[in-house]
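Enquirer: A structural model of the following input is requested.
(one chain, ligands or ions: 1)
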Amino acid sequence: MALTTATAIINLSALKHNLAQIKSLAPTAKVLAVLKANAYGHGLERIAHALFSEQAKINEHGHSSTTADAIAVARIDEALALRSSGITQPIVLLEGFFNAKDLAILAVNNLQTVIHNHQQLDALLTATLPSPLKVWLKIDTGMHRLGINPEEFSSFYQQLTDSVNVQKNIVLMSHLGCADDKSNQATRQQISLFEKVTLGCNEERTLANSAGICAWPASHYQWLRPGLLLYGVSPLPFESSTANLFTCASENALQNTDVMLNVQPVMTLKSSLIAVRQLAAGESVGYGNAWTSKQKTIIGVVAIGYGDGYPRHAKNGTPVLVNGRRVPLVGRVSMDMITVDLGMNAQEQVGDVVTLWGEQLSVAEIAQCATTIPYELLCNITRRVQITLSAL
Ligand SMILES: *Cc1c(COP(=O)(O)O)cnc(C)c1O
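Expert: Numbering: from 1, shown residues only. This next block holds a predicted model:
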């Protein structure tokens with residue numbers, strides 16, 4: 001007997017494929033790959049090394065491998081972990097530094113910083129640094145989370161340009177709040193405000209997250225900032241017919257043609273059946289007897305639970321693949337187990353393979369069943385989940 005426990009299978013050739021797909025949408029733009037939160041649960045160092053690997057392998061979809069231009073993380077610890085693991089390429093801190101003392105660490109480790117408020121500006125201007133820092137100046141264009149106000153832009157830009165602590169070529173950035181909604185005019189307003197504020201500045205600009213990359217070609221500029229899309233998940237609202245294949249607006253507005261983007265999930269979360277049992281009509285399963293069978297049936301117990309990052313709020317009926325067959329989750333999600341209704345004619349056995357999401361089953365669909373978003377499910381994968389690399 002050798003049963004598989006909760007395992008996340010990471011497919012690095014899917015990652016390279018997704019990067020190539022992203023680049024095909026905006027061939028002249030550079031890619032700032034977003035690897036915060038342990039590369040959305042996929043393993044920070046592993047994903048970083050794969051994104052920069054020049055190995056020209058051809059994957060099953062015929063794309064030769066391409067590389068990212070820089071990596072973005074949210075915390076200095078994430079950036080330092082990347083440097084320790086041998087990543088020498090550019091790394092950007094998306095929220096900048098949290099502590100003036102960190103500025104020297106940034107300089108020594110060649111980390112680039114976002115500047116989004118007065119406190120950071122003052123700390124940077126007054127620091128004594130061994131070398132100047134590369135700065136990404138963040139402007140709030142309507143999301144009202146991070147960024148300087150549009151009317152502060154000239155003053156910030158001038159002071160940064162004049163400072164000996166700042167390298168030439170500041171990148172101007174902002175972030176979209178509603179890009180996943182193609183009908184929301186807020187994105188158009190953000191793009192036009194970004195245009196207006198940065199007008200006449202001869203600098204690189206960046207605005208697009210995954211949803212901007214897919215749905216708003218006018219937001220592409222010189223740097224794309226994909227997160228979710230790199231990991232093979234659509235940032236647009238989930239539709240069962242279009243889980244991995246979806247329409248994107250073309251960069252060439254004159255042609256007005258949509259492009260089909262086909263991304264492949266990088267993570268497939270698997271486990272196995274550790275028990276299979278008969279249930280009579282009227283019998284219940286799991287904590288709180290939250291689900292009761294209407295008829296005689298066979299229940300499968302799967303070795304995965306919220307202790308692995310499977311969402312506790314996944315509702316009855318959430319799809320689970322057992323040997324590739326779609327069956328419904330029933331009863332409450334426990335810490336280490338879930339239960340599925342295999343039906344009264346089930347042939348499945350203890351040890352059979354179960355897929356929770358990934359290939360054949362989009363994490364976006366599971367997120368919808370758990371009233372959350374795929375981002376949260378991916379970053380919630382816990383330490384006890386085994387990681388294996390899929391054969392290329
Ligand atoms: C997280 C993040 C991104 C990536 O967002 P996705 O929706 O995952 O593509 C891009 N830019 C900033 C500033 C972010 O914080």
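Enquirer: low pLDDT regions in the stretch 251-392 of the chain?
Expert: The model of the stretch 251-392 of the chain has pLDDT under 70 over residues 251-257, 392.
Enquirer: Can you show me the strands along it?
Expert: 258-262, 267-279, 284-285, 291-292, 297-302, 319-322, 325-330, 338-341, 353-357, 386-389 (DSSP state E, counting those that start in this stretch).
Enquirer: Is it possible to get a markdown table of the ones you listed that adds distance to V31 and mean neighbour count?
Expert: (Each C-beta comes from the backbone N, C-alpha and C, glycine too.) Below are the strands of the stretch 251-392 of the chain laid out as a markdown table (distance: least, CB to CB, whole Å; neighbours: other CB atoms under 10 Å):
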| stretch | distance to V31 | mean neighbour count |
| --- | --- | --- |
| strand 258-262 | 15 | 14 |
| strand 267-279 | 20 | 20 |
| strand 284-285 | 46 | 18 |
| strand 291-292 | 45 | 16 |
| strand 297-302 | 37 | 22 |
| strand 319-322 | 32 | 22 |
| strand 325-330 | 35 | 18 |
| strand 338-341 | 37 | 24 |
| strand 353-357 | 25 | 23 |
| strand 386-389 | 22 | 13 |
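Enquirer: Of all these, which one is nearest V34?
Expert: In terms of CB to CB, the element of these nearest to V34 is strand 267-279, at 15.5 Å.
Enquirer: Just the CA trace of that closest one, in CSV.
Expert: C-alpha atoms of strand 267-279 as CSV (Å, rounded to 0.1, in the frame of the first residue of the first chain):
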residue,chain,number,x,y,z
MET,A,267,-0.2,23.9,-10.2
THR,A,268,-2.3,20.7,-10.1
LEU,A,269,-3.4,19.8,-6.6
LYS,A,270,-3.8,16.0,-6.0
SER,A,271,-4.4,13.5,-3.3
SER,A,272,-6.0,10.1,-3.0
LEU,A,273,-8.9,8.1,-1.7
ILE,A,274,-8.1,6.8,1.7
ALA,A,275,-11.5,5.2,2.4
VAL,A,276,-14.5,4.1,0.3
ARG,A,277,-17.7,3.3,2.2
GLN,A,278,-21.4,2.5,1.7
LEU,A,279,-24.1,4.8,3.0
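Enquirer: Pull the distance from that strand to the chain's centre.
Expert: 27 Å (CA atoms, centre = their mean, to the nearest Å).
Enquirer: Show me which residues of the protein sit near the ligand.
Expert: 34, 36, 94, 175, 209-211, 225-229, 235 (CB under 6 Å from any ligand atom).
Enquirer: what helix or strand does the nearest residue to R225 once chain neighbours are set aside sit in?
Expert: Nearest residue to R225 in three dimensions, chain neighbours excluded: L32, at 4.9 Å (CB to CB, 6 or more residues apart in numbering). Using DSSP states H and E, L32 maps to strand 30-34.
Enquirer: Give me the contact list for that strand.
Expert: 19, 22-23, 47, 51, 68-73, 92, 94, 206, 209, 222-227, 230 (CB atoms under 8 Å, 6 or more residues apart in numbering).
Enquirer: Check stretch 372-392 too.
Expert: Contacting residues not belonging to stretch 372-392 are listed as 5-13, 37-38, 40-43, 46, 57, 59, 227-228, 231, 233, 267-269, 307-309, 311, 313, 357, 362-364, 366-367, 370 [CB under 8 Å, 6+ apart].
Enquirer: Narrow those to those in helices?
Expert: Mapping the contacts of stretch 372-392 onto helices (DSSP state H) picks out L12, S13, A37, N38, Y40, G41, R46, V363, A364, I366, A367.
Enquirer: Bridged to the residue nearest to T206 when sequence neighbours are not counted, which residues?
Expert: Distances taken as CB to CB, 6+ apart place W223 nearest to T206, at 3.7 Å, with adjacent residues excluded. W223 forms beta bridges with K30, T206, as assigned by DSSP bridges.
Enquirer: Need the nearest residue in space to I76, chain neighbours excluded.
Expert: Nearest one to I76, counting by CB to CB, 6+ apart, is D102 at 5.7 Å.
Enquirer: Give the burial count for that neighbour, as a bare number.
Expert: 19 (other CB atoms under 10 Å).
Enquirer: Touching, it and A79? I think so.
Expert: No: D102 lies out of contact with A79 (CB atoms under 8 Å); the separation is 10.1 Å.
Enquirer: my guess is I91 meets A74, correct?
Expert: No: in this structure I91 lies outside contact range of A74 using CB under 8 Å: 11.4 Å.
Enquirer: which one of these two has more residues nearby?
Expert: In terms of neighbours (other CB under 10 Å), I91 is the more surrounded of I91 and A74; the figures are 25 against 15.
Enquirer: List the residues that contact that one.
Expert: I91 neighbours (CB under 8 Å, 6+ apart): A70, I71, A72, V73, A79, L82, R83, N110, L111, Q112.
Enquirer: what about 6 Å?
Expert: I71, A79, L82, L111 (CB atoms under 6 Å, 6 or more residues apart in numbering).
Enquirer: okay, now L12: neighbour count?
Expert: L12, neighbours per other CB under 10 Å, totals 21.
Enquirer: Against P235, how distant is whichever residue of the stretch 201-350 of the chain sits closest to the ligand?
Expert: The nearest approach of the stretch 201-350 of the chain to the ligand comes at G227, 2.3 Å away (CB to the nearest ligand atom). To P235, G227 is 8 Å away according to CB to CB, to the nearest Å.
Enquirer: Between these two, which contacts overlap?
Expert: Overlap of the contact sets of G227 and P235 (by CB under 6 Å, 6+ apart) consists of S210.
Enquirer: Mind checking which of the contacts of stretch 372-392 are buried?
Expert: Those of the contacts of stretch 372-392 that meet the buried threshold are 6-13, 37-38, 40-43, 46, 59, 227-228, 231, 233, 267-269, 307-309, 311, 357, 362-364, 366-367, 370, by 16 or more other CB atoms under 10 Å.
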